[in-house]
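1. need the 3D shape of this:
(one chain, ligands or ions: 3)
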Amino acid sequence: MVRTVRLAVIPGDGIGPEVVAQALAALEAATAGTEVEFEQTPFSLGAARYLETGDVLTDADLDAIKSHDAILLGAVGGTPGDPRLTGANIERGLLLKLRFELDHYVNLRPTVLYPGVASPLANPGDVDFVVVREGTEGPYVGNGGAIRVGTPAEVANEVSVNTAYGVERVVRYAFAQARVRRQRLTLVHKTNVLVFAGSLWKRQVDAVAAEYPDVSVDYLHVDAATIFLVTDPARFDVIVTDNLFGDILTDLAGAISGGIGLAASGNINPDGRFPSMFEPVHGSAPDIAGKGIADPTAAIGSVALLLRHLGETDAATRVERAIADDLAERGDARRSTAEIGEAIAARIAAASVTVPAT
Ligand SMILES: NC(=O)C1=CN([C@@H]2O[C@H](COP(=O)(O)OP(=O)(O)OC[C@H]3O[C@@H](n4cnc5c(N)ncnc54)[C@H](O)[C@@H]3O)[C@@H](O)[C@H]2O)C=CC1
Ligand SMILES: CC(C)CC(=O)C(=O)O
Ligand SMILES: [Mg+2]
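-> Ligands and ions are numbered 1, 2, ... in the order given. Alright, predicted model coming up:
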């Protein structure tokens, strides 16, 4: 029987639509002739839509998105500093609102240095780790304010929210990941200075660790973690951390493993109450938008994460292998967004489909 998956597609701004087009081609190649089909609904959301209509994300948009099984997103946000976007806050009003409303408490960001991919590090070693970034709390929740704005006496606060409930559930997810990977978990925080939040994170990790005697637990302050990501990234297996630290560390993780254009991610609602959302780690890259040179690999990798999340393991594996094979042969050749996307889609299509037993 054919399984129909309802997919909300949000291409977004800048290079978002360019990389999403290639991601959808990969999805089509991976599912053609299989027992799963994707019924796509495009959503025109982002800075461009705001400039046209004044809307960022309406309740109707949100309800419609919620009725889907999964979401594929390109990237949202205009050129930093664009005065026409002042006050719109597309990132908070759209991207973060989706993550919060859909309870994407796990922001899953795998980092693999594939064979053939050049790293800026001299001796990167075997880089294969996953960052489990908390996705619904931290300083991104909008708990802040400012007084005496625009005066020399201005005070601006941005409070980091950390709840026992929120920290425990993401820590549990991270331990479960570590158990099926290489049984190593590193908590990254800044417990020496952020003592209240740090203490909560540390205690939650210690408590859950008691249930996972097979997982070895390590702790690093976030500043030291940036050192080890550059000097010894192979030491990491699963990193669990808060929303802000995870955001920053995963751009660095992308940079050491071949570039941000390769870094995929999933915003997961593990309970399955809401659709999970898959997107590249990168943003809308206004500096290269419209030139046809954005690397679509991260968006295609996000399709692999989406397929794996949906249990479509055969299709997911074919996408992952096609990416790895393309990267192995890519070398220094500069290819366009479409050339990379077409090459990966062709590899996916060429790989044999395992027909499920009837
Ligand atoms: N998930 C999302 O939708 C995100 C949105 N943003 C938004 O995107 C806009 C631009 O933000 P930036 O800080 O410049 O970050 P960015 O990730 O868009 O770009 C940083 C650098 O990486 C390069 N880059 C990004 N993706 C690439 C790709 N696929 N191939 C090759 N090069 C790539 C860009 O050209 C730029 O030099 C802002 O409005 C920001 O708020 C930023 C991060 C995430
Ligand atoms: C634009 C931010 C809200 C998000 C971001 O940079 C990220 O999730 O990596
Ligand atoms: Mg980021």
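2. would you mark the buried spots in stretch 37-45?
-> Buried residues in stretch 37-45, defined by neighbour count with 16 or more other CB atoms under 10 Å: F38, F43, L45. Every residue, glycine included, has its C-beta placed from N, CA and C.
3. what do you get for stretch 241-260?
-> 241-247, 249-250, 252-260.
4. export the buried residues of stretch 37-45 to JSON lines and tack on pLDDT?
-> Output for the buried residues of stretch 37-45, formatted as JSON lines (pLDDT from 0 to 100):
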{"residue": "F38", "pLDDT": "98"}
{"residue": "F43", "pLDDT": "98"}
{"residue": "L45", "pLDDT": "96"}
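5. which one of these sits closest to ligand 2?
-> Taking CB to the nearest ligand atom as the measure, ligand 2 lies nearest L45 of the buried residues of stretch 37-45, at 13.9 Å.
6. count the residues that sit near V141.
-> 18 (other CB atoms under 10 Å).
7. wait, I meant L327
-> L327: 20 surrounding residues under other CB under 10 Å.
8. follow-up on the earlier one: return the subset of the buried residues of stretch 37-45 lying in strands.
-> F38 (DSSP state E).
9. in the stretch 201-350 of the chain, what residue is nearest ligand 2?
-> The nearest approach of the stretch 201-350 of the chain to ligand 2 comes at D247, 4.7 Å away (CB to the nearest ligand atom).
10. look up phi and psi at that residue.
-> The phi/psi pair for D247 (degrees, to the nearest 10) reads phi -60, psi -50.
11. quickly find the element holding the closest residue to it other than its chain neighbours.
-> Nearest residue to D247, sequence neighbours excluded (CB to CB, 6 or more residues apart in numbering): R133, at 6.8 Å. R133 belongs to strand 128-134 when assigned by DSSP states H and E.
12. residues contacting R133?
-> Residues in contact with R133 (CB atoms under 8 Å, 6 or more residues apart in numbering) are V106, N107, L108, R109, T241, D242, N243, F245, G246, D247, L249, T250.
13. any idea how many residues pack against G74?
-> A count of nearby residues for G74, using other CB under 10 Å, gives 28.
14. for R334, that is, sorry about that
-> Neighbourhood size, R334 [other CB under 10 Å]: 8.
15. need the contact list for it.
-> With CB under 8 Å, 6+ apart, R334 has these contacts: I293.
16. start the count at 26 instead of 1 going forward.
-> Sure, I'll start numbering at 26, so the last one becomes R359.
17. and it, how far is that from L123?
-> Shown here: R359 relative to L123, a distance of 34 Å by CB to CB, to the nearest Å.
18. now the residue in the stretch 76-225 of the chain that ligand 1 sits nearest to: closest residue in space, sequence neighbours ignored.
-> Of all residues in the stretch 76-225 of the chain, G102 sits closest to ligand 1, at 2.4 Å by CB to the nearest ligand atom. Nearest non-adjacent residue to G102, counting by CB to CB, 6+ apart: S309, 4.8 Å away.
19. for this protein, which segments count as helices?
-> Assigned by DSSP state H, the helices in the chain fall at 41-56, 72-78, 84-91, 115, 122-126, 189-205, 220-234, 247-256, 268-281, 322-334, 338-355, 362-375.
20. as a markdown table, those with mean pLDDT and distance to R298 would be great.
-> What follows is those, written out as a markdown table (pLDDT from 0 to 100; distance: least, CB to CB, whole Å):
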| stretch | mean pLDDT | distance to R298 |
| --- | --- | --- |
| helix 41-56 | 98 | 24 |
| helix 72-78 | 92 | 27 |
| helix 84-91 | 98 | 10 |
| helix 115 | 92 | 25 |
| helix 122-126 | 98 | 11 |
| helix 189-205 | 98 | 13 |
| helix 220-234 | 98 | 22 |
| helix 247-256 | 98 | 31 |
| helix 268-281 | 98 | 20 |
| helix 322-334 | 98 | 14 |
| helix 338-355 | 97 | 22 |
| helix 362-375 | 98 | 31 |
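21. the residue nearest to G102: neighbour count?
-> 27.
22. contacts only, for it.
-> G37, D38, G39, I40, G41, G71, A72, G99, A100, V101, G102, G103.
23. what pLDDT does the fourth one get?
-> I40 is assigned 98 on the pLDDT scale.
24. distance check, V218 against E193.
-> In this structure, V218 and E193 are 22 Å apart, going by CB to CB.
25. between the two, who's got more neighbours?
-> Using other CB under 10 Å as the criterion, V218 and E193 rank with E193 on top: 17 against 11.
26. closest one to A376 out of the buried residues of stretch 62-70, please.
-> Closest approach between the buried residues of stretch 62-70 and A376, by CB to CB: F63, at 18.3 Å.
27. pretty sure the closest one contacts V30?
-> Yes - between F63 and V30 there is a contact under CB atoms under 8 Å: 5.1 Å.
28. D339 contacts T59, correct?
-> Yes - counting by CB under 8 Å, D339 touches T59, with 7.4 Å between them.
29. I'd like to know how many residues surround A171.
-> Here the number of neighbours of A171 (other CB under 10 Å) works out to 11.
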